[in-house]
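Undergrad: For reference, the sequence and a predicted model appear below.
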Amino acid sequence: MRTIDKRIAPHVKLAASLVSRAPTLTLAYEARCKSRLSATLDNGETVALVLPRGTVLADGDVLVADDGGLVRVVAANEAVLVVRANDALTLTRAAYHLGNRHTPVEVGADYLKLEADTVLESMLTRLGVRVEAASLPFQPETGAYGGGHRHGHDATFDEDYALAQRVFDEHHGEHAHAHSHGHDDGHKHAHGHGGQCDGEHGHDCEHGHDHGHGHSHGKGHAHR
């Protein structure tokens, strides 16, 4: 059994004749998100897909087998919902609510497409968009922080979430450091107080804390 372990980058141009002669591998979206897969080419040949983790195959991708042979990916027709609206704002609202649910969505110039789901179909209808069930290829957006399939119940979602959190923490850390200089006014707080801290900067606290810490303001007096 041949092993397919490489995807040719989209910017690499191959001779059209080579691509047209390559056997095809037709896969639905869920299967195209798997980096380890036993699959059957459209000519009946069984192959093993062993690709880098996080790889999401797209319609038209060209793969290379361990013997140097090429295989072309075809996105299979599958049950989807096609969403359209009379105006851009309504369609954008629909995209927002789908994004809040980590739903994979294919974004077109005037439509959204998602996997068939009766609960989401009901929600979309209430938002005022038109929803049509269809059997079509499905190619949703890939993750914003990585190259793969990302939504809440996908194991690889954790990777994107961790990266997004790291980006936030780096920004937040710089902001907090800069903000702290504005509070260095000659006194020091011993934060053993019983006040509640709401903010994430460490100084957005209720200042009803006990000043019986013995800290000084550099004014020649101490609070008790």
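TA: Perfect, I can see it now.
Undergrad: Let's see the pLDDT reported for the nearest residue to Val50 once chain neighbours are set aside.
TA: Of all residues not flanking Val50 in the chain, Asp5 sits nearest, at 4.8 Å (Cβ to Cβ, 6 or more residues apart in numbering). For every residue, glycine as well, the C-beta is placed using N, CA and C. Looking at Asp5, its pLDDT reads 94.
Undergrad: since we're on Asp5, how many residues are nearby?
TA: Asp5 has 14 neighbouring residues, counting by other Cβ atoms under 10 Å.
Undergrad: Same question for the strand or helix carrying it: list its buried residues.
TA: With secondary structure defined by DSSP states H and E, Asp5 is part of strand 2-7. Judged by neighbour count (16 or more other Cβ atoms under 10 Å), strand 2-7 contains these buried residues: 4, 7.
Undergrad: which stretches of the chain have low pLDDT?
TA: Low-confidence segments of the chain, defined by pLDDT under 70: 143-224.
Undergrad: So for stretch 92-111, first residue to last residue, what's the gap.
TA: By Cα to Cα, to the nearest Å, the extent of stretch 92-111 from end to end equals 10 Å.
Undergrad: Now do the strand holding Asp5: everything it contacts.
TA: 45, 47-51, 55, 57, 61-67, 69, 71 (Cβ atoms under 8 Å, 6 or more residues apart in numbering).
Undergrad: same thing with stretch 123-130?
TA: With contact meaning Cβ under 8 Å, 6+ apart, stretch 123-130 is reached by 81, 83-85, 90-91, 93-94, 97-98, 131.
Undergrad: Repeat the analysis, applying 7 Å as the threshold.
TA: Residues outside stretch 123-130 that contact it (Cβ atoms under 7 Å, 6 or more residues apart in numbering) are 83-85, 90-91, 93-94, 97, 131.
Undergrad: So which of those belong to strands?
TA: Here DSSP state E is the test, and the contacts of stretch 123-130 give 83-84, 131 as lying in strands.
Undergrad: Which single one of these is nearest to Ala9?
TA: Val83 (31.5 Å; Cβ to Cβ).
Undergrad: returning to what we had before: filter the contacts of stretch 123-130 down to the buried ones.
TA: Neighbour counting with 16+ other Cβ under 10 Å marks 83, 85, 90-91, 93-94, 131 as buried within the contacts of stretch 123-130.
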